[in-house]
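*Asks:* sequence isn't available, so here's the structure alone:
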């Protein structure tokens with residue numbers, strides 16, 4: 001009598017749970033609670049793996065992802081049936097729903113810059129972090145422009161070539177089209193140094 005009462009109570013409870021979860025489709029990461037009334041040693045919690053499969057004793061691996069609780073119950077019942085005179089009473093519920101952890105926002109990528117240097121008669125001499133493609137004219141502007149003591153026709157661009165040799169190029173700020181001057185659009189490279197000398201007395 002007690003066994004019958006327990007069975008009826010268990011059936012009522014499980015039916016309510018299954019009804020509540022009837023429309024739910026199992027997902028990877030969920031934990032299923034599986035109970036077999038005829039053999040409590042089989043009762044356990046089963047994790048649905050990333051590939052959507054789960055495993056259960058005597059049955060082995062079965063498909064769980066994308067299936068309803070009732071479909072999984074039917075699969076387990078059919079798999080266990082050969083071991084019993086009558087179909088076993090298998091109860092399945094979702095013990096824990098997998099909740100994906102929100103991804104941490106990516107830190108914004110640091111802008112790519114190149115280090116160039118300005119010396120001499122510019123408003124703010126020193127190191128500059130410039131974007132690739134910055135020109136010599138733009139670099140002088142970033143450095144605050146020329147001072148009133150600058151010799152604008154004799155600006156030097158100093159660059160180390162691939163062989164480690166320093167090359168010096170003249171830049172005429174007032175007439176960048178001069179034959180002995182690099183153009184205002186000359187692009188700078190990492191490590192370039194712009195030297196702005198002071199003008200001479202009668203320059």
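*Replies:* Happy to help now that I have it. Quick caveat: nothing in here was measured; it's all calculated off a predicted structure.
*Asks:* SS state for the most centrally placed residue in the chain?
*Replies:* Nearest to the mean C-alpha position of the chain, by CA atoms, centre = their mean, lies residue 106 at 5.7 Å. Here residue 106 is recorded as coil under DSSP: H, G, I helix; E, B strand; the rest coil.
*Asks:* now do the strands in the protein.
*Replies:* Per DSSP state E, the chain carries strands over the ranges 31-36, 44-47, 53-56, 60-63, 90-96, 114-120, 126-130, 155-160, 166-171, 193-196.
*Asks:* want to throw those strands into a markdown table with mean neighbour count?
*Replies:* (Glycine included, C-beta is placed from N, CA and C.) Output for the strands of the chain, formatted as a markdown table (neighbours: other CB atoms under 10 Å):
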| stretch | mean neighbour count |
| --- | --- |
| strand 31-36 | 18 |
| strand 44-47 | 14 |
| strand 53-56 | 18 |
| strand 60-63 | 12 |
| strand 90-96 | 19 |
| strand 114-120 | 18 |
| strand 126-130 | 14 |
| strand 155-160 | 18 |
| strand 166-171 | 14 |
| strand 193-196 | 20 |
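*Asks:* out of those strands, flag the one nearest residue 76.
*Replies:* Ranking the strands of the chain by proximity to residue 76 (CB to CB) places strand 90-96 first, at 4.8 Å.
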